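In: Generate a structure from the sequence data that follows.
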Amino acid sequence: MATMQQYLDNSFNNQSQTSMEETANSSSNIIPYMLFVYREELRRLNKHSHSLKLSKSKLHLTQELVSYSVDRITEYDMQELMNINREINFTRQLKNRMDHMRQMQRYRSLQAQALARI
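Out: Prediction:
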């Protein structure tokens with residue numbers, strides 16, 4: 001006959017294993033889902049419009065990839081660190097590009113307003 005302690009240990013182990021499997025499944029589904037969202041964003045957008053929206057998708061996807069990579073890193077080998085550094089630099093460049101696009105949009109709208117007054 002099983003003791004109460006054995007029963008509790010078994011139920012705890014089953015629950016923790018189930019929650020670990022759910023976590024592993026959910027974290028393994030994050031990147032493919034983000035890629036799907038990114039592809040859908042690409043598919044929907046015109047060639048010349050909504051580049052800011054596209055950049056937002058890229059930024060979000062890259063930030064998710066960086067956080068996923070940092071969480072999964074086990075050893076700090078040089079290749080992993082170089083990859084993470086490259087991804088972080090890409091996010092910085094993308095943020096700068098997005099800021100520039102926003103400034104250009106503001107400039108164009110101000111220019112259009114000035115032309116409308118004339």
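In: just for this structure, where's the confidence low?
Out: 1-28, 41-50 (pLDDT under 70).
In: same thing but at 80, please
Out: Filtered on pLDDT under 80, the chain yields the residue ranges 1-54, 72-77, 115-116, 118.
In: all helices for it, in order.
Out: Counting by DSSP state H, the chain has helices at residues 4-44, 51-72, 78-117.
In: deepest of those helices, which one?
Out: Ranked by average neighbour count under the criterion mean count of other C-beta atoms under 10 Å, the helices of the chain are headed by helix 51-72 at a mean of 15. Quick note: C-beta positions are derived from backbone N, CA and C, even for glycine.
In: who does that helix touch, helix- and strand-wise?
Out: helix 4-44, helix 78-117 (3 or more C-beta pairs under 8 Å, 6 or more residues apart in numbering; DSSP states H and E).
In: residues in contact with that helix?
Out: Under the criterion C-beta atoms under 8 Å, 6 or more residues apart in numbering, residues 27, 30-31, 34-35, 37-38, 41-42, 45, 80, 83-84, 87-88, 90-91, 94-95, 97-98, 101-102, 105 lie in contact with helix 51-72.
In: Check the gap between the nearest residue to residue 101 once chain neighbours are set aside and residue 110 for me.
Out: Among residues not flanking residue 101 along the chain, residue 52 sits closest, at 5.0 Å (C-beta to C-beta, 6 or more residues apart in numbering). To residue 110, residue 52 is 17 Å away according to C-beta to C-beta, to the nearest Å.
In: do the same with residue 69
Out: Note on residue 69: its distance to residue 110, by C-beta to C-beta, is 41 Å.
In: ok, now residue 64?
Out: 35 Å.
In: Please apply the same query to residue 94.
Out: For residue 94 relative to residue 110 (C-beta to C-beta), the value is 25 Å.
In: Same check on residue 103?
Out: Per C-beta to C-beta, residue 103 is found 11 Å from residue 110.
In: Then residue 89?
Out: 32 Å.
In: Repeat that for residue 29.
Out: Residue 29 is 44 Å from residue 110, by C-beta to C-beta.
In: likewise residue 70?
Out: Applying C-beta to C-beta to residue 70 and residue 110 gives a distance of 40 Å.
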